[in-house]
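Participant: no sequence on this one, just coordinates:
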């Protein structure tokens, strides 16, 4: 094996830097597309600069619009959080509904355990309670 340990370390560092570069490049490209504060011609210009002169384009974009990137990302995360909360409010039962469902399921399980209803009847009633 004719590959010294220092060369292996240097190769790993270069691979790490290359992956970081790709992540940064794709982050900037996605930020260009997501920006609502610039028109399509400006987006096209930034995209051409970033794709044709990648290093210079990325550095210029970070200098010119870097502060806005974090603000836009924070707004996007906040919007997603609000959408998730709205979805959960619609789908997850509230405290009263949840306790009512739990009480109904407990009564059904008790009836099934005592033999008052069959397994099939229990499954049908459970489906009605959970619907």
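Facilitator: Okay, I see it. On a predicted model such as this, the values are computed, not experimentally measured, just so you know. Numbering: from 1, shown residues only.
Participant: next SSE after the lowest-mean-pLDDT helix or strand in the chain?
Facilitator: Ranked by mean pLDDT, DSSP states H and E, the weakest helix or strand in the chain is helix 95-114, scoring a mean of 78. Later in the chain than helix 95-114, the nearest helix or strand by DSSP states H and E is helix 119-130.
Participant: Could you list the domains of this structure?
Facilitator: If you go by automatic domain parsing, the domain ranges for the chain are 1-66, 94-131.
Participant: coming back round to it: how far does the least confident helix or strand of the chain sit from the chain's center?
Facilitator: What separates the centre of helix 95-114 from the centre of its chain is 35 Å, taken as CA atoms, centre = their mean, to the nearest Å.
Participant: If you average the pLDDT over stretch 117-125, what comes out?
Facilitator: In this model, stretch 117-125 has a mean pLDDT of 84.
Participant: And the helices in the protein?
Facilitator: 5-34, 40-52, 54-91, 95-114, 119-130 (DSSP state H).
Participant: Export these as CSV, with columns for mean neighbour count.
Facilitator: All C-beta atoms are positioned from the backbone trio N, CA, C, and that covers glycine. As requested, these are arranged in CSV below (neighbours: other CB atoms under 10 Å):
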stretch, mean neighbour count
helix 5-34, 12
helix 40-52, 13
helix 54-91, 12
helix 95-114, 12
helix 119-130, 12
